[in-house]
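Asker: With the input below, show me the fold.
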Amino acid sequence: MAKTKTTTTGESVVDFINTTVDSELKKADSFQLIELMRKWSDSEPKMWGPTIIGFGTYHYKYASGHEGDAPLLGFSPRKAAFSLYVYSDTDKSKSLLADLGKFKMGKACIYVKKLSDINLSVLEELCRESIKYIDEHHECSCRAK
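Answerer: So this is what the prediction gives:
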């Protein structure tokens, strides 16, 4: 069985942003996302692997037997765009995407160039819907809150 690569590292989130993110706008957006996701998840930010900032945790187990832990919410300030790990494939989430703003969709993440391109109220609803979905389907730190 393959070992999960993305786990918490104990590295400093602030140091990661200050040393890795080269754009002042992207740094400011990163710190804003930290405050928003901290509030929405009621969890402190942690580094997951070398580039993902995650909030909270949940345990997943696939039918294949592969299992591990992942952040409830997360993002990565990548060079081309932010990768937002905030999406659960629910009917409500799908309908919210129509009002999110300018973004691209991956299989399980949303890519945005800058926060001013999206509606942060809709992002909050997407995050809360994702937390609700995870709480209903997985062992989740959100239950302890």
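
Asker: remind me which residues of the protein are low pLDDT?
Answerer: Confidence mapping of the chain against pLDDT under 70 gives the ranges 1-5, 139-145.

Asker: Would you state the strands of it in chain order?
Answerer: Ranges of strands in the chain, per DSSP state E, are 45-48, 52-55, 58-61, 67-70, 73-77, 82-85, 104-105, 110-112, 139-140.

Asker: Make TSV from the ones you listed and add mean neighbour count and distance to L96 to it.
Answerer: Every residue, glycine included, has its C-beta placed from N, CA and C. Shown next, in TSV, are the strands of the chain (neighbours: other C-beta atoms under 10 Å; distance: least, C-beta to C-beta, whole Å):
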stretch	mean neighbour count	distance to L96
strand 45-48	22	23
strand 52-55	24	19
strand 58-61	14	20
strand 67-70	16	21
strand 73-77	23	15
strand 82-85	22	13
strand 104-105	11	12
strand 110-112	19	11
strand 139-140	16	21
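
Asker: Let's have these in TSV, adding distance to L97.
Answerer: Conversion of the strands of the chain to TSV gives the following (distance: least, C-beta to C-beta, whole Å):
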stretch	distance to L97
strand 45-48	24
strand 52-55	21
strand 58-61	22
strand 67-70	21
strand 73-77	16
strand 82-85	12
strand 104-105	7
strand 110-112	8
strand 139-140	23
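
Asker: Ok, which of the ones you listed comes nearest D22?
Answerer: When those are compared by C-beta to C-beta, strand 73-77 sits nearest D22, at 9.7 Å.

Asker: what's the span of stretch 55-64, first residue to last?
Answerer: 26 Å (C-alpha to C-alpha, to the nearest Å).
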